[in-house]
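Engineer: model this:
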Amino acid sequence: MRFPLHITTDMVKWQLKNKLQGRDRYPVVLMLEPLYTCNLACVGCTPERHMGDLKDRLSLQECLQAVDEAGAPVVSICGGEPTIYPELPELVREVIDRKRHIYLCTNGILLERFYQKSTPHKRISINVHLDGLRDTHDFVCARPGVFDKAIEMIKEGKKLGYSVCTNTTVYRETEIREIEEMMQLLTGLGVDGMMISPGYHYEKLAENHFMYRQEIHQKFERVLELSKQYKVSLTPLFLEFAAGKRDYPCTPWGNVTRTPFGWKGPCYLIGDKYFKTWDEFWGGVDWNYWEKREDHRCHNCFMHSGFEASVVRKLPESPKDMLRMAKWMMSA
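Structural biologist: Numbering: from 1, shown residues only. As a prediction, the model looks like this:
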């Protein structure tokens, strides 16, 4: 199967529960950012995500409250660099006790410290940031040696018995040939999945490494083909969307984000406003507006955080798509 069985069954149970309660909108993933402190300043990262003070981090109780309020079966612990978060081992244990699945998103530099304080569990996947081979990845991370450390920690995680996956952002300069070589390398290391995301243009930056719509379509036509050979974690329907072969409305409420500033609205990337409470957030975002993708910052967006949930909620409209997804889920 593409994902551990418990993730699939938990997701189906969560969807049925919400449907029976008459909810059309509900989160499927909580993006939990306990801190905005990082040991890197990558070219694709916004300053607030790596320049925060450790003292301003969320408390353990605030993190767990967010897990309970969102209710989502999957929790992506990101940031910032979560292995810097002092309470991480306890946070992981508490989230697992709540029967959520965790993706621990990390650059790998301090991952060995987490390995020493934790134990493998079926409800945690180590998600290592890897934006290409050595030269490219170290350039993106603005530090030499990060690629080698990431590969070392992927090997160590597999040796210890963890589920290990990777997360790659495709930039304007990214050569898809190199992404294929990276996939070959990671397949040889036995990774359990590879997430490939388009870095899209949504704001003016001093150095623009991000892509516009047509650039994304061009690169992801090839990623779509590569997904038939390698363990790409993105659904084929989403990849067809990224390649410009189908269209979806956005589902900004599918991946809700809790940060040290509050609940981020409307979505994981665009922070128009931060809300102090869950109720203020859930009732304070104009979901109808953001679903339509009419804002200028949404025109080039093909992020899985906004559209994989759209794939799922639109499935019942097409029996053919439902069959394709079922076959994909059951494939190795």
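
Engineer: Quick one: mean pLDDT for the longest strand seen in the chain?
Structural biologist: Of all segments of type strand in the chain, defined using DSSP state E, the longest is strand 163-170. Here strand 163-170 scores 96 as its mean pLDDT.

Engineer: do the same with stretch 269-281
Structural biologist: 95.

Engineer: end to end, how far does that stretch reach?
Structural biologist: 15 Å (Cα to Cα, to the nearest Å).

Engineer: for it, the distance to its chain's centre please.
Structural biologist: 19 Å (Cα atoms, centre = their mean, to the nearest Å).

Engineer: So which bits of that stretch are buried?
Structural biologist: Using 16 or more other Cβ atoms under 10 Å as the test for burial, stretch 269-281 gives Leu269, Ile270, Gly271, Tyr274, Phe275, Trp278, Phe281. Bear in mind the C-beta positions are built from the backbone N, C-alpha and C, glycine included.

Engineer: Pull up the gap between the closest residue to Lys231 other than its chain neighbours and Phe147, please.
Structural biologist: Among residues not flanking Lys231 along the chain, Gly193 sits closest, at 5.2 Å (Cβ to Cβ, 6 or more residues apart in numbering). In this view, Gly193 and Phe147 are 19 Å apart by Cβ to Cβ, to the nearest Å.

Engineer: Which residue ranges of this structure form helices?
Structural biologist: 5-20, 60-70, 88-97, 111-117, 134-141, 146-160, 176-189, 213-226, 236-242, 278-284, 287-291, 304-314, 319-330 (DSSP state H).

Engineer: Now do the first one: which elements does it pack against?
Structural biologist: Going back to what we said before, that points to helix 5-20. Helix 5-20 is packed against strand 101-106, with contacts defined by 3 or more Cβ pairs under 8 Å, 6 or more residues apart in numbering; DSSP states H and E.

Engineer: and what of the third one?
Structural biologist: Secondary-structure packing of helix 88-97 (3+ Cβ pairs under 8 Å, 6+ apart): helix 60-70, strand 74-77, strand 101-106, helix 111-117.

Engineer: again, 7 Å this time
Structural biologist: Under the contact criterion of 3 or more Cβ pairs under 7 Å, 6 or more residues apart in numbering; DSSP states H and E, helix 88-97 touches helix 60-70, strand 101-106.

Engineer: Count the neighbours of Ile213 for me.
Structural biologist: Not Ile; residue 213 is Arg. Residues near Arg213, counting by other Cβ atoms under 10 Å, number 15.

Engineer: now do Ala70
Structural biologist: 26.

Engineer: I figured it hits Val256, correct?
Structural biologist: Yes: assessed by Cβ atoms under 7 Å, Ala70 is found in contact with Val256 at 5.5 Å.

Engineer: Spell out which residues are contacts of both of those two.
Structural biologist: Pro27, Leu30 (Cβ atoms under 7 Å, 6 or more residues apart in numbering).

Engineer: re the thing from before, quick check: bridge partners of the residue nearest to Lys231?
Structural biologist: Cys165 (DSSP bridges).
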